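>>> Fold the following.
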Amino acid sequence: MEKVTKFDWLVVGAGLSGAVFAHEMTKRGKTCLVIDKRTHVGGNCYCEQYDGVMMHKYGAHIFHTSDKQVWDYVKKHLKINRLGSYAPMAMAGGEVFALPFNMNTFSKIWPDVRFPEEAKKRIEEQSKGVKDLETLEGAAISQVGKDVFEKLIKGYTEKQWGRSCAELPAEIIGRIPVKFDYNNNYFNSDLYIGVPEGGYNDLFKGLLEGCEVVLGCDYLRNRTSLDGLAKRVFYTGPIDALFGEALGKLDYRSLEFDTKIRDLEQSQGCAVMNYCDKDVPYTRIIEHNRFAPSRRHEEIVVSLEYSKPYEGDAEPYYPVRTEESKERYEKYVQLSNTVYGDRVVFGGRLGHFRYFDMDEVIRDTLGIVEGLDNE
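You can find the predicted model right below:
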């Protein structure tokens with residue numbers, strides 16, 4: 001007798017990838033059960049009110065893309081306010097520097113450097129002899145020079161990742177823009193950039209309309225009963241957890257946030273300030289009021305962000321993609337193919353064991369759906 005299932009898809013995780021997938025499948029007439037072990041949808045994009053200020057609970061999320069299709073996709077469900085620029089700053093040794101690394105940064109580090117060609121020449125001089133471009137340390141020095149690396153990258157990065165820059169892969173530094181102009185806009189290479197004043201929650205409300213959603217439901221603890229409810233599974237959790245870490249644990253870094261209220265006079269003057277000195281315990285401070293600049297506030301809500309090991313009940317945030325961990329991930333993919341075939345499909349940052357910006361999550365998930373359409 002054929003087993004009867006209630007849903008076409010069990011979607012594990014109500015974050016951005018899971019929500020986009022469920023939305024697209026529902027549009028195609030498929031039924032979806034969406035579950036999440038947290039008590040809210042939205043994953044790390046979730047926002048909540050804190051003392052009257054809409055707070056990005058899991059760290060600042062600035063939506064940016066050059067993909068008009070993705071930008072329009074988001075705007076269907078969300079009133080997103082176009083930003084002119086996003087300019088985080090960096091504190092090191094009691095001084096404040098511009099991020100991303102640009103001519104404002106270089107001319108402050110090297111007072112005799114004023115023009116782009118002078119900066120490039122100084123970086124070339126300071127990167128002579130650097131051979132190992134596969135490590136973050138080697139790649140960073142080759143891009144910005146030894147002085148900038150020592151002052152603004154080394155301490156921050158080793159706090160963030162919990163290991164030496166010489167042990168980390170170069171791809172991490174590849175995400176940080178390096179520009180030879182005096183433009184402090186972090187995302188000026190993207191055509192579209194914005195933040196919704198009301199937070200991202202309406203996006204998920206729109207995406208998950210028509211889906212059955214169960215929150216506070218841990219898939220790994222209830223998979224025996226849950227798997228019988230759907231024909232296939234879209235899984236956005238860590239792949240090693242799916243197999244009880246049978247091939248070893250994948251390496252992540254976790255985060256912890258300390259949110260508090262400060263007086264206006266204590267403002268740091270920008271939405272995000274990186275704290276690069278290794279003896280400062282937090283990596284950055286976020287001022288949430290600055291994501292709703294049209295509103296007047298008598299106080300500011302700030303989150304101090306701390307990097308921490310991925311252990312115990314800690315949440316996995318950032319995949320640490322060393323060669324060893326990437327090889328282990330590929331072995332898990334092979335194991336999944338052997339055990340589940342095409343019944344389980346993986347998505348999102350954790351499912352793919354790689355860093356994704358928000359637009360990349362959407363684009364990747366839409367690509368997965370398109371591939372399933374062609375099956």
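
>>> Only C-alpha atoms from now on, for both contacts and neighbour counts.
Will do.

>>> which of the residues in stretch 355-362 are buried?
Neighbour counts over stretch 355-362 (16 or more other C-alpha atoms under 10 Å) mark Tyr355, Met358, Asp359, Glu360, Val361, Ile362 as buried.

>>> quick one, phi/psi of the last one?
As for Ile362, its main-chain torsions (degrees, to the nearest 10) stand at phi -60, psi -50.

>>> just the strands in the stretch 1-150 of the chain please.
Along the stretch 1-150 of the chain, counting by DSSP state E, counting those that start in this stretch, strands occupy 7-12, 32-36, 47-50, 53-56, 63-65, 81-82, 89-92, 95-98.

>>> any idea where the helices of the stretch 251-375 of the chain begin and end?
Shown for the stretch 251-375 of the chain, the helices assigned by DSSP state H, counting those that start in this stretch span residues 323-340, 348-352, 358-373.

>>> any chance of those in CSV, with mean pLDDT and distance to Asp313 too?
Shown next, in CSV, are the helices of the stretch 251-375 of the chain (pLDDT from 0 to 100; distance: least, C-alpha to C-alpha, whole Å):
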stretch, mean pLDDT, distance to Asp313
helix 323-340, 96, 20
helix 348-352, 96, 16
helix 358-373, 96, 25
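
>>> Of those, which stretch is the most buried?
The highest mean neighbour count among the helices of the stretch 251-375 of the chain, using mean count of other C-alpha atoms under 10 Å, belongs to helix 348-352: a mean of 22.

>>> Which residues does that one contact?
By C-alpha atoms under 8 Å, 6 or more residues apart in numbering, the residues outside helix 348-352 that reach it are 16-18, 235-239, 316, 319, 346, 355-356, 361, 364-365.

>>> hmm, back to that, looking at the strands of the stretch 1-150 of the chain, spot the one closest to Leu152.
Between Leu152 and the strands of the stretch 1-150 of the chain, the tightest spacing by C-alpha to C-alpha is seen for strand 89-92, at 6.6 Å.

>>> Same list (the buried residues of stretch 355-362) but as JSON lines, adding distance to Gly244.
Below are these laid out as JSON lines (distance: C-alpha to C-alpha, whole Å):
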{"residue": "Tyr355", "distance to Gly244": "22"}
{"residue": "Met358", "distance to Gly244": "28"}
{"residue": "Asp359", "distance to Gly244": "30"}
{"residue": "Glu360", "distance to Gly244": "28"}
{"residue": "Val361", "distance to Gly244": "25"}
{"residue": "Ile362", "distance to Gly244": "28"}
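
>>> In terms of distance to Gly52, which of the residues you listed ranks first?
Nearest member of the buried residues of stretch 355-362 to Gly52, counting by C-alpha to C-alpha, is Met358, at 25.7 Å.

>>> Point out where this protein drops to low pLDDT.
1-4, 82-84, 293-296 (pLDDT under 70).

>>> at 50 what do you get?
Scanning the chain for pLDDT under 50 picks out 1-3.

>>> The strands of the stretch 1-150 of the chain: which one's closest to Phe291?
Proximity to Phe291 (C-alpha to C-alpha) singles out strand 53-56 among these, at 8.3 Å.

>>> Mind giving me the packing neighbours of that closest one?
Other elements packing on strand 53-56 under the criterion 3 or more C-alpha pairs under 8 Å, 6 or more residues apart in numbering; DSSP states H and E are strand 47-50.

>>> Could you list the buried residues of the strand it packs on?
Neighbour-count burial for strand 47-50, counted by 16+ other C-alpha under 10 Å, picks out Cys47, Tyr50.

>>> what are the ranges of the helices in the stretch 101-250 of the chain?
Using DSSP H, counting those that start in this stretch, helices in the stretch 101-250 of the chain cover 103-109, 116-126, 136-144, 146-148, 154-161, 201-207, 219-227, 239-242.

>>> Would you mind giving the ones you listed as JSON lines with mean neighbour count added?
Output for the helices of the stretch 101-250 of the chain, formatted as JSON lines (neighbours: other C-alpha atoms under 10 Å):
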{"stretch": "helix 103-109", "mean neighbour count": "21"}
{"stretch": "helix 116-126", "mean neighbour count": "17"}
{"stretch": "helix 136-144", "mean neighbour count": "23"}
{"stretch": "helix 146-148", "mean neighbour count": "20"}
{"stretch": "helix 154-161", "mean neighbour count": "22"}
{"stretch": "helix 201-207", "mean neighbour count": "19"}
{"stretch": "helix 219-227", "mean neighbour count": "13"}
{"stretch": "helix 239-242", "mean neighbour count": "18"}
